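> Okay, here's the prediction I keep looking at, along with the sequence it came from:
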Amino acid sequence: QVQLVESGGGLVQPGGSLRLSCAASGRTFSLYAMGWFRQTPGKEREFVTSIRWSDGRTIYTDSVKGRFTVSRDNAKNTVYLQMNSLKPEDTAVYYCAAGLSILTMTQNGYSYWGQGTQVTVSS
């Protein structure tokens, strides 16, 4: 089992920045990739970004390219999401996810999920 705990959400003005963190514990040696998804009320959970644990390869959804950066600290078993130039449409609950075998944009590629952290972009 792998446990994930997110932190760093909050309220920020449009154009501002936030950094989310996700700390993994448990059987972390089995992790292949860690990603971020987000969800707003009434909508499907959508992929944001993911990073491969071994070499740091990353993938992003188009709407966040150039604004969001995912990174990892292997020693701390932690993945970060640096969000810059935030827009009101980035408002959502952000979920950290961990997968065991593939770097993918699809939810079923991730076996473990955090509890979510709220990000609100508003003036």
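Sure, I can see it. Numbers count the residues shown, from 1 in each chain.

> for the chain, which residue is closest to the average position?
Nearest to the mean C-alpha position of the chain, counting by CA atoms, centre = their mean, stands W36 at 2.3 Å.

> quick one: the nearest residue to that residue once chain neighbours are set aside from L20, how far?
The spatial neighbour of W36 that comes closest, neighbours along the chain excluded (CB to CB, 6 or more residues apart in numbering), is V48 at 4.3 Å. Quick note: C-beta positions are derived from backbone N, CA and C, even for glycine. Separation of V48 from L20 (CB to CB, to the nearest Å): 10 Å.

> where's the residue lying closest to G16 once chain neighbours are set aside, which helix or strand?
In space, G16 comes closest to L86 once its chain neighbours are excluded; the distance is 5.4 Å by CB to CB, 6+ apart. Taking DSSP states H and E as the definition, one finds L86 inside no helix or strand.

> Wait, L86 touches V121, no?
Yes. Between L86 and V121 there is a contact at 4.5 Å, judged by CB atoms under 8 Å.

> what about these two, which has more around it?
Of the pair L86 and V121, L86 is the one with more neighbours under other CB atoms under 10 Å, namely 22 against 19.
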